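A.B. asks: 3D, please:
(one chain, ligands or ions: 2)
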Amino acid sequence: MTTSSETVSDTTAETVPSDGGPKRISILGATGSIGTSTVAVLSEQPDSFTVEAVTAFGNAKNLARVAREVKARIAVIADPNGYAALADALEGTGIEAASGEQAILEAAARPVDVAVAGIVGAAGLQPTLAAIRAGSSIALANKECLICAGSVFLQEANRAGVTILPVDSEHNAIFQALGGHAVEDVEKVVLTASGGPFREWSKAAMAGARPDEALKHPNWSMGPKITIDSATLMNKGLELIEAHHLFEIDEGRLDVLVHPQSIVHGMVAFHDGTTIAALGAADMRIPIAHCLTWPDRGVSDSPRMDLAKVGKLTFAKPDTSRFPALTIARDALRAGGWATNVLNAANEVAVKAYLGGDIGFLEIARLAEDTVDAARSAGLDRSPSTIGDALALDREGRRIASAQVARFAAKTTLQ
Ligand code: NDP
Ligand code: MG
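C.D. replies: Ligands and ions are numbered 1, 2, ... in the order given. Modelled structure (predicted):
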């Protein structure tokens, strides 16, 4: 939806305040890694933005600190147990405090110029939709929205006439490299992957990889779920699905290259033989700033890449035998929206189980694959045609995946 110049120019007005004053933004998931980077971007351009709402799950202290820093109008915590601490910490500031899932939806539904979708997981779907329905443009970090509900999610965005701006660094790079060209001009879109902490590990070593080892990403500092996804390369698989939806490009024209330096984030190869790449330091403040200031460009003192210091940039094909998540995600993309929905649900359950010590590292991808197979066998292979369908399928996927966790855990105990 952000691919053709027509779509982009049609919706440009949506992200530019009509009075020419500061842009109003909301930060959904303000206490996380994306939220923190967003706050850092705002602090560099204090006159360019005002903040309506900030939200979090349970981290009341941190949310109150962020709300004060950005002078938000309202701070909302999903977990009602956090309300007292939040209200206490905001007393006397004039910042409204609220709690509960419904309050998150109401805060997300306050119209702004851009809502940053930085909640992790499918839990971000409903708040992001609330922002869309309110007519706010979306700076989309929460890729799980698209993996869970791709087509129906985008239909909602189209209906509301809002722009979805990709924050995910690869997609932001591709968006910029496309430069408004139509997808028909494109031969191939390439997403790069750092390869994660286990890029050079043997499969046998990966089988015993501990969560603390998997959480050590070589280049990016991110929340725990996406860091584990980066170690399995499921993140790149999910990103293929994300790119398919964002740029309306078929799976066959989507490629992944392992690029350990994380300097080139994405490339677009056109039919005329030209390839355009977007490069930058591995710092999420850069794509976030791009989305918040788009269609203009702001000024930022985020780190610059030093190509002379980096010396060389290397690229390699991913090893899908050690990283099967990539193939599993491609298969799901080809199978359709039901499969990507179930894959996402299963992966969320599997990552949690791995971090909780219930399953091994290699079992994350296996569990995701088995869950998709089980869903197919159970006759769930019909793609959601409404958001309600997507949410119901997500719940069913989680139920099947949880049963798989119990099965895998029992196997591990028996060995
Ligand atoms: P984090 O885990 O660091 O932060 C998640 C945020 O969401 C926190 O504010 C958390 O609140 C909130 N949250 C978690 N669960 C819920 C819930 N059920 N309801 C409401 N709020 C909730 O994640 P990241 O910032 O790393 O990632 C956010 C999203 O951005 C993910 O979809 C990820 O894939 C994507 N992304 C992230 C990148 C990165 O660099 N981090 C890069 C590209 C994409 P609390 O702190 O209270 O728990
Ligand atoms: Mg990414």
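
A.B. asks: number of nearby residues for the residue of the stretch 251-400 of the chain found nearest ligand 1?
C.D. replies: Among residues of the stretch 251-400 of the chain, the one nearest ligand 1 by Cβ to the nearest ligand atom turns out to be residue 284. It sits 4.4 Å away. Any C-beta I mention is one placed from the backbone N, CA and C, and that applies to glycine too. Applying other Cβ atoms under 10 Å, we find 24 residues neighbouring residue 284.

A.B. asks: shouldn't it be in contact with residue 36?
C.D. replies: No: in this structure, residue 284 sits apart from residue 36 without contact. The criterion is Cβ atoms under 8 Å, and the distance is 9.1 Å.

A.B. asks: tell me the contacts of the residue of the chain found nearest ligand 2?
C.D. replies: In the chain, no residue comes nearer to ligand 2 than residue 168, which is 4.2 Å away by Cβ to the ion. Shown in contact with residue 168 (Cβ atoms under 8 Å, 6 or more residues apart in numbering): 140, 141, 143, 239, 242, 287.

A.B. asks: what about 6 Å?
C.D. replies: residue 143 (Cβ atoms under 6 Å, 6 or more residues apart in numbering).

A.B. asks: likewise residue 67?
C.D. replies: 54, 75, 95.

A.B. asks: now with 10 Å?
C.D. replies: Residues in contact with residue 67 (Cβ atoms under 10 Å, 6 or more residues apart in numbering) are 27, 30-31, 51, 53-56, 73-76, 86, 89-90, 93, 95-97.

A.B. asks: now swap in residue 42 and tell me
C.D. replies: Residue 42 makes contacts with 25, 27, 48-51, 69-71, 116, 288-289, 292, as judged by Cβ under 10 Å, 6+ apart.

A.B. asks: just the buried residues of those residues.
C.D. replies: Using 16 or more other Cβ atoms under 10 Å as the burial test, these include 25, 27, 48, 49, 50, 51, 70, 116, 288, 289, 292 as buried.

A.B. asks: and those near ligand 1, which?
C.D. replies: Checked against ligand 1 using Cβ under 6 Å from any ligand atom, the buried ones among the contacts of residue 42 yield no neighbours at all.

A.B. asks: dump those residues into JSON lines; add pLDDT, secondary structure and distance to residue 370 as well.
C.D. replies: Compiled in JSON lines, the buried ones among the contacts of residue 42 are given as follows (pLDDT from 0 to 100; DSSP: H, G, I helix; E, B strand; the rest coil; distance: Cβ to Cβ, whole Å):
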{"residue": "25", "pLDDT": "98", "secondary structure": "strand", "distance to residue 370": "41"}
{"residue": "27", "pLDDT": "99", "secondary structure": "strand", "distance to residue 370": "36"}
{"residue": "48", "pLDDT": "95", "secondary structure": "coil", "distance to residue 370": "48"}
{"residue": "49", "pLDDT": "97", "secondary structure": "strand", "distance to residue 370": "45"}
{"residue": "50", "pLDDT": "98", "secondary structure": "strand", "distance to residue 370": "48"}
{"residue": "51", "pLDDT": "98", "secondary structure": "strand", "distance to residue 370": "43"}
{"residue": "70", "pLDDT": "98", "secondary structure": "helix", "distance to residue 370": "43"}
{"residue": "116", "pLDDT": "98", "secondary structure": "strand", "distance to residue 370": "35"}
{"residue": "288", "pLDDT": "98", "secondary structure": "helix", "distance to residue 370": "36"}
{"residue": "289", "pLDDT": "97", "secondary structure": "helix", "distance to residue 370": "41"}
{"residue": "292", "pLDDT": "98", "secondary structure": "helix", "distance to residue 370": "40"}
